[in-house]
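S.K.: my questions are about this predicted structure, shown below with the sequence.
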Amino acid sequence: QVRLVQSGGGLVQAGGSLRLSCGASVSAYAMAWFRQAPGKEREFVAAISWSAGSTNYADSVKGRFTISRDNAQNTVYLQMNSLKPEDTAVYYCAAGARFGGSRSPESKYEAWGQGTQVKVSS
């Protein structure tokens with residue numbers, strides 16, 4: 001069973017930066033970040049293949065967010081720069097398929113972290 005433990009997040013002013021981390025109990029899984037704002041559906045943010053050979057981003061975060069991973073530590077990161085108030089949400093990391101790529105649909109992500117709040121003030 002895949003277990004994911006998140007850390008990071010918090011309150012930051014618009015234009016600031018935060019880094020989220022997600023430690024996994026397994027290796028070689030495609031990983032992704034999703035977020036859910038109050039009153040909205042969960043949405044895709046970024047994904048990375050098991051080898052870190054490919055990444056995929058939502059248009060709303062391209063150029064501002066960077067997903068990366070350290071496979072030796074079984075940890076995935078989401079570096080968030082130039083944060084905007086509309087980035088405020090609970091962020092979740094998720095594990096997809098073993099040896100998976102970065103373009104899987106949300107339905108392929110079956111293990112989820114506990115969520116971490118990111119709040120961006122204007």
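M.R.: Thanks, I have the structure now. Numbers count the residues shown, from 1 in each chain.
S.K.: residues in contact with residue 99?
M.R.: For residue 99, the contacting residues are 28-30, 50, by Cβ atoms under 8 Å, 6 or more residues apart in numbering. For the C-beta atoms, the positions are set from N, CA and C on the backbone; glycine is no exception.
S.K.: just the pLDDT for it.
M.R.: We have a pLDDT of 93 for residue 99.
S.K.: gap between it and residue 106?
M.R.: Residue 99 is 19 Å from residue 106, where distance means Cβ to Cβ, to the nearest Å.
S.K.: now residue 30
M.R.: Counting by Cβ to Cβ, the gap from residue 30 to residue 106 is 12 Å.
S.K.: those two: which has the busier surroundings?
M.R.: With neighbours defined as other Cβ atoms under 10 Å, residue 30 and residue 106 compare such that residue 30 has more, 26 against 13.
S.K.: tally of neighbours for the nearest residue to the more buried one once chain neighbours are set aside?
M.R.: Distances taken as Cβ to Cβ, 6 or more residues apart in numbering place residue 100 nearest to residue 30, at 3.1 Å, with adjacent residues excluded. With neighbours defined by other Cβ under 10 Å, the count for residue 100 comes to 21.
S.K.: let me see the contact set for residue 100.
M.R.: By Cβ under 8 Å, 6+ apart, the contact list for residue 100 reads 29-30, 49-50, 108.
S.K.: how about those in a markdown table, adding secondary structure and pLDDT?
M.R.: Converted to a markdown table, the contacts of residue 100 look like this (DSSP: H, G, I helix; E, B strand; the rest coil; pLDDT from 0 to 100):
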| residue | secondary structure | pLDDT |
| --- | --- | --- |
| 29 | strand | 95 |
| 30 | strand | 96 |
| 49 | coil | 97 |
| 50 | coil | 95 |
| 108 | helix | 93 |
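S.K.: so residue 84 touches residue 13, yeah?
M.R.: No. Applying Cβ atoms under 8 Å as the test, residue 84 and residue 13 come out as separate, 10.6 Å apart.
S.K.: spit out the residues that contact those two alike.
M.R.: By the contact definition Cβ under 8 Å, 6+ apart, residue 84 and residue 13 are jointly contacted by residue 120.
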